[in-house]
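Participant: next one to model:
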Amino acid sequence: MSLVLLTMIHSSLLDFKFMIRRITGKSALISYNGYGCHCGLGGRGQPLDKTDWCCHAHDCCYKELTKQSCHPFFDDYQYSIINEDVMCWNTTNSTCAKQACDCDRTAVLCFRKEASSYNKGYRYYFNFFCKGSTPSC
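Facilitator: Residues are numbered from 1 along each chain as shown. Next up, the predicted model:
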């Protein structure tokens with residue numbers, strides 16, 4: 001049990017959480033998990049705003065990695081933040097981990113760029129209200 005827990009703690013999702021905090025200054029769990037129709041697990045329907053589009057693009061990036069037999073939710077990666085930019089490193093010789101980092105980097109930079117579109121009313125948004133067809137990747 002402790003081995004499984006340790007693996008879950010050292011995962012791409014935890015790296016992504018810390019990256020979001022450092023770049024946006026916001027809590028990933030409070031501000032982005034469950035935001036709109038695509039932030040968090042199980043996106044569907046039309047994205048509600050530019051922030052939600054960032055999440056849709058992130059979902060697409062992870063889907064592409066999954067097609068390549070990567071495990072983007074669990075591939076632990078290394079990164080640094082230099083001059084307000086994220087630098088992903090391939091220290092483990094894992095192309096999958098580096099690509100997961102690149103997906104997360106693109107998303108957090110998108111969150112920062114589209115910060116003015118962020119709508120607190122879309123936090124914890126019920127997917128039931130997400131209408132229309134889901135845009136293709």
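Participant: what number of residues lie near residue 111?
Facilitator: Using other C-beta atoms under 10 Å, residue 111 has 26 neighbouring residues. Any C-beta I mention is one placed from the backbone N, CA and C, and that applies to glycine too.
Participant: which SSE is it in?
Facilitator: helix 95-113 (DSSP states H and E).
Participant: list the buried residues in that helix.
Facilitator: 96-105, 107-111 (16 or more other C-beta atoms under 10 Å).
Participant: helices along the protein, start to end?
Facilitator: Counting by DSSP state H, the chain has helices at residues 2-9, 12-24, 50-67, 95-113.
Participant: turn the ones you listed into a markdown table, including mean pLDDT and distance to residue 124.
Facilitator: Converted to a markdown table, those look like this (pLDDT from 0 to 100; distance: least, C-beta to C-beta, whole Å):
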| stretch | mean pLDDT | distance to residue 124 |
| --- | --- | --- |
| helix 2-9 | 35 | 23 |
| helix 12-24 | 92 | 17 |
| helix 50-67 | 97 | 13 |
| helix 95-113 | 96 | 17 |
